[in-house]
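Novice: I would like the atomic coordinates for the input below:
(2 chains)
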2 protein chains.
Amino acid sequence: MSTAKKRNKRPVILITNDDGIMAPGIRNLVEAVKDIGKIVVVAPDKPQSGMGHAITIGQPLRLQKMHLFEGVEAWSCTGTPVDCVKLAVDKVLHRKPDLCLSGINHGANHSINVIYSGTMSAAVEAAIESIPSAGFSLLDFSIEADFEGARQYARTVVEKMLSTPLDKHTVLNVNIPSCQASLLKGIKVCRQAYAKYEEDFIERKDPHGRDYYWLTGEFVNFDKGKDTDVWALNNNYVSVVPVQFDLTNYTLKNKLKRWEK
Amino acid sequence: MSTAKKRNKRPVILITNDDGIMAPGIRNLVEAVKDIGKIVVVAPDKPQSGMGHAITIGQPLRLQKMHLFEGVEAWSCTGTPVDCVKLAVDKVLHRKPDLCLSGINHGANHSINVIYSGTMSAAVEAAIESIPSAGFSLLDFSIEADFEGARQYARTVVEKMLSTPLDKHTVLNVNIPSCQASLLKGIKVCRQAYAKYEEDFIERKDPHGRDYYWLTGEFVNFDKGKDTDVWALNNNYVSVVPVQFDLTNYTLKNKLKRWEK
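Specialist: Here you go, the predicted structure:
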């Protein structure tokens, strides 16, 4: 029996994101799960995409109460997505929530994106703090994206998480294809594909003749496996990759043992 | 035979950090390995601790040539440590270096710190880009820290990396105790300890009566294993944790397969 059921009351669910508290994605996530538990939103006051697991050390943080979601306590935070999780636990909830959800991100967080993504880093931070979590991302950057399918599957995944006995360090990386909801073929539990951006900085000159560079890149999938998130998404499945924060490469650890001499 | 030896010439070594190009730690790393290869430094123009795997999306980046290290090409960069690696490969070196080194960080990057650390994220970024890499951290935050032991072991690890056939995605997280060099007991190849900061935000009021919060925390080791980096460092060993960027939790992946129905 899950922790939430054992307590015989509605689970407390913390919701955050990296696109900022005003993004349509987080509103869709709140709407999708609002009746499942007591929802508290603590999310960045501005877009924080690509912030990875950054934390704010040299500056203090602020919280601002927001009246954005009907019947839901919500706070905007001046920090990163990871800061939001830390501050929510310590200064808003004053306890660990039963679940932490992050997203719904505007844009993909499959494959190597899990490492750059503020959405996923917030989810990972929760799991480090013993709060099971999931990050949700829709493969559509548009501010006017259709979240119908994403909303349905976010709800399905949350229901499954609450009814499955899960380790407290569980993190799920859930990506949803951008096709029409009726065309989604279901969930595929996957591994992270080895696919990445091939960088290509655009070089420009400012009005004073000095160079500056814009990060751009082309996404390339080097991984031909059919058990990856990229494969699943290309085939209209919702990909679920369980993520861990023990980064030890155990195979190499054994190999390098002889360095100890 | 290593890649570098096959080429029968001095390896090209990219050096970066997260404390900024002016930090004593990066100077010590350059000095430690200067005669081993052709060194090129591309490092942040300001401290970037705790930046994790953040990248700069909404702003362009700049590079500035610096004359800081005798006989070594060096550039400061306005971006994050990960930006530095990307920009170095694409716009400074115009090729992949044979090795990327990051550090020497002022302060520990053992256990969960690997995830928050800009030093380690730069090394991980290199490995994603098929450049074997290592991050070095000394367990002493002081600007006047004694880098003698760290310098010796950084050199030893680099020599071992260049003489060992290593996968191109290799990343090593090397931490050095802050004791006197002569007291260091050698290398331990370890796993990442489950040890983390227990957050405790300090709450203050600004002159206008509004609250703000400073992130602080106490480091707690929950991991009693003797094969961890924290154990090794507490016992005066230099810890070497091989790191990977495939974050898939394969055990949980198998367990959740039934969600596919």
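Novice: in a helix, that's where residue A:119 is, yeah?
Specialist: Yes. Using DSSP: H, G, I helix; E, B strand; the rest coil, the assignment for residue A:119 is a helix.
Novice: ok, it - contacts?
Specialist: A:17, A:18, A:19, A:81, A:102, A:103, A:105, A:109, A:135, A:136, A:137 (CB atoms under 8 Å, 6 or more residues apart in numbering or on different chains). C-beta: built from backbone N, CA, C; applies to glycine.
Novice: tell me the most packed of those, by neighbour count.
Specialist: If you count neighbours using other CB atoms under 10 Å in any protein chain shown, the busiest of the contacts of residue A:119 is residue A:102, which has 36 neighbours.
Novice: one step back: among the contacts of residue A:119, which ones are in strands?
Specialist: The strands, defined by DSSP state E, take in A:102, A:103, A:105, A:135, A:136, A:137 from those.
Novice: for the second one, give me its contacts.
Specialist: Contacts of residue A:103 were listed using CB under 8 Å, 6+ apart, and they are A:17, A:25, A:26, A:29, A:119, A:135, A:136, A:137, A:138, A:154.
Novice: could you do the fifth one as well?
Specialist: For residue A:136, the contacting residues are A:29, A:101-105, A:119, A:150, A:153-154, A:157, A:174-176, by CB under 8 Å, 6+ apart.
Novice: pLDDT score for the closest residue to it other than its chain neighbours?
Specialist: Distances taken as CB to CB, 6 or more residues apart in numbering or on different chains put residue A:103 closest to residue A:136, at 3.6 Å, once the chain neighbours are dropped. On the pLDDT scale, residue A:103 is placed at 96.
Novice: how much space between residue A:103 and residue A:112?
Specialist: Look at residue A:103 and residue A:112: by CB to CB, to the nearest Å, they are 18 Å apart.
Novice: same question, residue A:154
Specialist: For residue A:154 relative to residue A:112 (CB to CB), the value is 23 Å.
Novice: where do the strands sit along the stretch 1-150 of chain A?
Specialist: Assigned by DSSP state E, counting those that start in this stretch, the strands in the stretch 1-150 of chain A fall at A:12-16, A:38-44, A:63-66, A:73-77, A:99-106, A:133-138.
Novice: make CSV out of those and add distance to residue A:259.
Specialist: Formatted as CSV, the strands of the stretch 1-150 of chain A follow (distance: least, CB to CB, whole Å):
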stretch, distance to residue A:259
strand A:12-16, 41
strand A:38-44, 42
strand A:63-66, 47
strand A:73-77, 43
strand A:99-106, 38
strand A:133-138, 36
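Novice: and residue A:2, what's its pLDDT?
Specialist: 50.
Novice: could you find the closest non-adjacent residue to residue A:204?
Specialist: Closest to residue A:204 by CB to CB, 6+ apart is residue A:212, at 5.7 Å.
Novice: cool, and residue A:197?
Specialist: Counting by CB to CB, 6+ apart, residue A:217 is the residue found nearest to residue A:197 once chain neighbours are left out, at 3.5 Å.
Novice: what's opposite the one you found in the beta bridge?
Specialist: Taking DSSP bridges as the rule, residue A:217 bridges to residue A:199.
Novice: now do the one 4 residues further on
Specialist: The partner list for residue A:221 in beta bridges (DSSP bridges) reads residue A:195.
Novice: for it, give me its contacts.
Specialist: A:111, A:193, A:194, A:195, A:230.
Novice: who wins for most neighbours among the residues you listed?
Specialist: residue A:111 (28 neighbours).
Novice: give me the number of residues near the spatially closest residue to residue A:65 that is not a sequence neighbour?
Specialist: Sequence neighbours aside, residue A:75 is the residue nearest to residue A:65 in space, at 5.8 Å (criterion: CB to CB, 6+ apart). Neighbours of residue A:75 under the rule other CB under 10 Å: 22.
Novice: can you check the one 10 residues further on too?
Specialist: Neighbour count for residue A:85, taken as other CB under 10 Å: 30.
Novice: if I pick it, what's in contact with it?
Specialist: A:14, A:16, A:42, A:100, A:122, A:125, A:126, A:129.
Novice: pLDDT score for the fifth one?
Specialist: Looking back up the chat, that one is residue A:122. So residue A:122 comes in at 97 (pLDDT).
Novice: and for it, the neighbour number?
Specialist: The number of residues near residue A:122, taken as other CB under 10 Å, comes to 34.
Novice: same deal with the first one?
Specialist: A count of neighbours around residue A:14, defined by other CB under 10 Å, yields 28.
Novice: could you verify my assumption that it touches residue A:100?
Specialist: Yes. The criterion here is CB atoms under 8 Å, and residue A:14 meets it with residue A:100 at 4.6 Å.
Novice: closest to chain B out of the ones in strands among the contacts of residue A:119?
Specialist: Sorting the ones in strands among the contacts of residue A:119 by how near they are to chain B, with CB to the nearest CB, puts residue A:135 at the top with 11.7 Å.
Novice: hey, what's in contact with both of residue A:14 and residue A:100?
Specialist: With CB under 8 Å, 6+ apart, residue A:14 and residue A:100 have common neighbours A:85, A:126, A:131.
Novice: separation between the first one and residue A:150?
Specialist: Distance from residue A:85 to residue A:150, counting by CB to CB: 21 Å.
Novice: residues in contact with stretch A:46-53: which ones?
Specialist: Contacts to stretch A:46-53, defined as CB under 8 Å, 6+ apart, come from residues A:18-20, A:23, A:80-82, A:107, A:115-118, A:121, A:124-125, B:51-58, B:82, B:115-116, B:121.
Novice: go with 6 Å
Specialist: Residues outside stretch A:46-53 that contact it (CB atoms under 6 Å, 6 or more residues apart in numbering or on different chains): A:18-20, A:80-82, A:116, A:118, A:121, B:52-55, B:57, B:115-116.
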